[in-house]
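**Q** below are the sequence and a predicted model for it; my questions follow.
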Amino acid sequence: MTKIVNLFIIMMLLSGCATPLHQKIAPNRENLLKLSIGISKEEALKIMGTKSFSTYSQGNVLGIPSYLTITNPYRSEVLRGNDDKTFEVIYYVTDVKNDDNAITDDELTPLIFDNGKLIGWGWSFLKDNVKKQ
């Protein structure tokens, strides 16, 4: 049994940190640098991309890969601001905390729009300007 555990640990070390999921979402992180305040939602979507992609993650503790499809943007919602304004927020997958086939909020970056114009992005901006209902 210890040989199996040792083999698993060696395989994990040799595989490194750059999983296929990391590689697929790298453009999302890079594209954040191309955004600028005031661009239209359409421009932001063009920069960030709207194509879904399929990849696999390590899946479970045994390292058995599971396949998943990630949409770009990952999700969207409408929220109220601190002054009762309405904002549209779209989220892109930009990080992988755990290669577990589950996308959590801390692996997303929000883009915040007011009347179709990008006013900011990132969790700090969202928390400072928009309240959850």
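**A** Good, I have the coordinates.

**Q** all strands of this structure, in order?
**A** Listed in chain order, the strands of the chain (DSSP state E) span 53-57, 66-70, 75-81, 86-93, 108-114, 117-121, 130-131.

**Q** need those in CSV (columns: mean neighbour count, distance to residue 38 and mean pLDDT).
**A** Every C-beta, even on glycine, is put in place using the N, C-alpha and C of the backbone. Written out in CSV, the entries for these read as follows (neighbours: other CB atoms under 10 Å; distance: least, CB to CB, whole Å; pLDDT from 0 to 100):
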stretch, mean neighbour count, distance to residue 38, mean pLDDT
strand 53-57, 16, 29, 73
strand 66-70, 13, 28, 78
strand 75-81, 13, 17, 90
strand 86-93, 19, 15, 95
strand 108-114, 20, 10, 96
strand 117-121, 18, 6, 97
strand 130-131, 17, 18, 72
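
**Q** state the distance from residue 76 to residue 100.
**A** Residue 76 is 23 Å from residue 100, where distance means CB to CB, to the nearest Å.

**Q** before we move on, the earlier item: of the strands of the chain, which approaches residue 29 most closely?
**A** Closest of the strands of the chain to residue 29 is strand 108-114, at 8.0 Å (criterion: CB to CB).

**Q** please state the offset of the closest one from the chain centre?
**A** 11 Å (CA atoms, centre = their mean, to the nearest Å).
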